[in-house]
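Trainee: Any chance you can model this:
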Amino acid sequence: MKALLIDLDPDTAARLDKVAPSRSRRRSEFIRAAIRRALWELEERATEAAYLHQPDSAKDVYVDPDAWEEALPRHRRARSRRRG
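Mentor: Numbering: from 1, shown residues only. From the prediction side, this is the model:
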């Protein structure tokens, strides 16, 4: 992993200390998860903007139920009968 050093304003640092104290192993994972989520949200916004700029047309939509694969039958476990 690559180590990063960041500066936080006092308010943000205090809020971080409340949810993930500095001596806790949770802090690094909390920050990594927050970064992953922020990056994912940026990608989602970019995708949304692309669709708004160039929406799918009716001919782009491929909906042919005959082309769908049939669902495989689900196997059920045989229930054992209780003898009373």
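
Trainee: When you work out contacts or count neighbours from here on, use the C-alpha atoms and nothing else.
Mentor: Will do.

Trainee: Which stretches in the protein count as helices?
Mentor: In the chain, the segments counted as helices under DSSP state H are 10-19, 26-53.

Trainee: Out of those, flag the one nearest Arg76.
Mentor: For these, the distance to Arg76 is smallest for helix 26-53, at 38.8 Å, taking C-alpha to C-alpha.

Trainee: quick one, the closest one and helix 10-19 angle?
Mentor: Interaxial angle of helix 26-53 relative to helix 10-19 (axes from the mean of the first three to the mean of the last three C-alpha atoms, to 10 degrees): 110 degrees.

Trainee: Tell me which residues of helix 26-53 come out buried.
Mentor: For helix 26-53, a neighbour-count test (16 or more other C-alpha atoms under 10 Å) marks Arg27 as buried.

Trainee: on that earlier part again, nearest to Val63, out of the helices of the chain?
Mentor: Minimum separation from Val63 across the helices of the chain (C-alpha to C-alpha) falls at helix 26-53, 18.8 Å.

Trainee: Let's have the helices of the chain in CSV, adding distance to Leu4 and mean pLDDT.
Mentor: Output for the helices of the chain, formatted as CSV (distance: least, C-alpha to C-alpha, whole Å; pLDDT from 0 to 100):
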stretch, distance to Leu4, mean pLDDT
helix 10-19, 16, 95
helix 26-53, 11, 95
